[in-house]
Every structure is written in C-alpha cells, then in structure tokens.
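Chemist: Got a predicted structure here, sequence first:
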Amino acid sequence: MAHSLTLRLTLAPLPADASARVGLAEQKRQKREGGDFSPRAQTLPGTAAVVNAVARDKTAIGYGGAAYAKGIKVLRIKKDAGSPAIAPNAATVKDGSYALARNLFFYVRNKPTGEIKEFIDWVLSAQGQAVVVKVGYFPIH
C-alpha cells in the first residue's frame with residue numbers, strides 16, 4: 001500500500017551501490033535542482049541492503065528497485081510542491097507521472113544477431129515481460 005508523506009525531518013538517505021548511483025545521478029540531474037547527497041548518507045552494497053536498513057530503522061528513508069520493496073512502506077512522491085503525490089505502479093512508471101522511474105537498457109556493440117537477438121526478443125516478448133512482472137519489476141508494455 002502506498003502512502004503520501006511530506007517530510008520535514010533530517011533523514012539520512014540510503015542510496016544503493018555505485019552501479020545504481022549512475023542511474024541516480026541521471027535522475028538527480030533531471031528531477032532535482034542543485035546540491036548533492038547529504039554527507040550523512042550511507043552507501044550500501046545494493047537495493048536489498050537499503051531495504052533491510054530501512055526496515056530496521058524507523059527514521060530511515062531509501063530508494064531502490066521496485067522488485068525489492070517488500071516489508072517496507074512505499075511512499076508516494078511529488079515531482080514538485082504543486083504536484084500531486086504519486087505512487088509507483090506499472091501505469092505511473094509507464095506514463096512518466098512517477099518521478100523516480102528510470103529505464104534499464106541493453107547495450108550491444110553491433111546490431112544484435114543470433115543468440116543475443118533471440119534473448120532480447122524473448123525479454124521483450126509477452127513471456128519475457130511476464131517474468132519481469134513475476135520478479136516484481138514493471139513491464140515495458
């Protein structure tokens with residue numbers, strides 16, 4: 001269940017590891033104005049560690065992949081002060097109204113062929129997208 005929350009507390013955010021920060025840096029550039037993470041922010045080795053830390057500390061707030069959001073409260077967020085608070089779900093991620101969504105990409109050196117093309121085609125197929133949903137992520141179609 002998603003909840004709307006306006007925070008006026010000093011919290012230590014818990015971002016995930018360096019690989020996740022690449023996407024977060026892009027999100028920060030697009031979604032926030034100026035500044036960097038608080039010097040009190042903890043860097044943890046992955047989203048599962050962030051979720052575990054948030055579950056143990058009632059004053060913690062963190063962010064990570066949707067598939068890991070189990071046993072914690074998922075908050076609605078606003079793009080800005082005048083916007084409504086939006087919960088993350090397949091529809092709001094797809095239509096862009098949820099402000100902290102990002103795409104995941106496959107990068108290939110050349111036009112995919114053979115087994116690589118078969119794998120990408122499977123991921124994009126209804127069967128592949130069913131697996132995406134089963135593990136807790138949001139599908140692309």
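Modeler: Great, that's in hand. Residues are numbered from 1 along each chain as shown.

Chemist: so where do the strands sit in the chain?
Modeler: 2-4, 13-14, 61-62, 74-76 (DSSP state E).

Chemist: Return the set of buried residues in the last one.
Modeler: Neighbour-count burial for strand 74-76, counted by 16 or more other CB atoms under 10 Å, picks out residue 75. (Glycine included, C-beta is placed from N, CA and C.)

Chemist: From the centre of this structure, give me the residue that's furthest out.
Modeler: Centroid-distance maximum for the chain: residue 114 at 31.3 Å, with CA atoms, centre = their mean.

Chemist: Just the pLDDT at that residue, thanks.
Modeler: pLDDT, residue 114: 94.

Chemist: what's the distance between it and residue 90?
Modeler: Going from residue 114 to residue 90 by CB to CB, to the nearest Å gives 31 Å.

Chemist: For the chain, which segments are assigned as helices?
Modeler: In the chain, the helices defined using DSSP state H lie at 18-31, 47-56, 90-94, 114-124, 126-134.

Chemist: For residue 65, find the nearest of the ones you listed.
Modeler: Of all the helices of the chain, helix 47-56 sits nearest to residue 65, with 4.9 Å by CB to CB.

Chemist: With just CA atoms, put the closest one into CSV.
Modeler: Output in CSV follows, covering the C-alpha atoms of helix 47-56 (Å, rounded to 0.1, in the frame of the first residue of the first chain):
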residue,chain,number,x,y,z
THR,A,47,19.0,-2.3,-3.0
ALA,A,48,18.4,-5.4,-0.8
ALA,A,49,20.7,-3.8,1.8
VAL,A,50,18.9,-0.5,1.5
VAL,A,51,15.6,-2.2,2.1
ASN,A,52,17.0,-4.1,5.1
ALA,A,53,18.4,-0.9,6.6
VAL,A,54,15.1,1.0,6.1
ALA,A,55,13.1,-1.9,7.6
ARG,A,56,15.3,-1.8,10.8
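
Chemist: Mind giving me the packing neighbours of that helix?
Modeler: The contact analysis (3 or more CB pairs under 8 Å, 6 or more residues apart in numbering; DSSP states H and E) places helix 47-56 against strand 13-14, strand 61-62.
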